[in-house]
Every structure is written in C-alpha cells, then in structure tokens.
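*Asks:* Fold the following for me, if possible:
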Amino acid sequence: MSGRWLDAPGAGLPLDHLRAANGSGGFRPALRYEGTDIHTLTTLAAAGHGLTLLPRTAATGVPGAVAVPLVAPRLVHRRELVHGGSPRGAAATMADKLLERA
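*Replies:* Residues are numbered from 1 along each chain as shown. A predicted model of the protein is given here:
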C-alpha cells in the first residue's frame, strides 16, 4: 500500500490493525498522533501530513479533506445470537428478526 499514513491509535485505526488486515507491512507511518480528536486527525490528513482511514463523515466540513470510498475488500457485517437453550422473550424476538434478514 503506497503512501505515508498517520498512526493515530486514539482517534483512528492503528497502523498495526491496517497491516494485519492487509497481510503486509506496507503501511508506513508519516507521523504519530497521540490525541483522540477525529477532527484534528482529519485536519492533519487534509494538510498533507499523511493518510488515515476514518468514516466518510469525518471529512465533512474540513477544508482540503477528501473522502475516498473503500471499495475492496467488501465489508461484511455478521450478526449472531448466542443463547443457552431455546430463546424466549426478547431473545426469541431478536432471533426471529435475525432469521428474517438472513
């Protein structure tokens, strides 16, 4: 993965998580941001200090920020209900709703 990345474990996805998801060490840090403010992290990226992976809404209202959609790999959400025995009450209702969407 080309480019230099902002390592911001308190505000964005830490680089070691990106490396693990990609299966490579291709994410090179440009700098490390120790803060927790997503707006500041987005401002650092917009100013050209590095790339970051954030929700698209983080780029809204930050001058110079550009949101690039993540298209691959396809994100898949998985829902599970773990329950001992036959579910009853709210757990049964939830199981029914999960089965409707499956």
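*Asks:* How many residues are close by residue 34?
*Replies:* Here the count is done by other C-beta atoms under 10 Å, and residue 34 has 9 residues near it. Just so you know, the C-beta spots here come from the backbone N, C-alpha and C atoms, and that holds for glycine as well.
*Asks:* which residues does the residue nearest to it when sequence neighbours are not counted contact?
*Replies:* Once flanking residues are discounted, residue 34 sits nearest to residue 10: 6.6 Å by C-beta to C-beta, 6 or more residues apart in numbering. Residues counted as contacts of residue 10 (C-beta atoms under 8 Å, 6 or more residues apart in numbering) are 33, 34, 35, 36.
*Asks:* Leaving out chain neighbours, which residue sits closest to the first one?
*Replies:* Read it as residue 33. residue 8 (4.0 Å).
*Asks:* That neighbour - how many residues pack around it?
*Replies:* 27.
*Asks:* quick one on the thing from earlier: list buried residues within the contacts of residue 10.
*Replies:* Among the contacts of residue 10, those buried by neighbour count (16 or more other C-beta atoms under 10 Å) are residue 33.
*Asks:* just the contacts of residue 10 now: which is nearest residue 66?
*Replies:* Among the contacts of residue 10, residue 33 lies closest to residue 66 (C-beta to C-beta), at 18.5 Å.
*Asks:* Hmm, that closest one is touching residue 40, no?
*Replies:* Yes. Judged on C-beta atoms under 8 Å, residue 33 makes contact with residue 40 at a distance of 7.2 Å.
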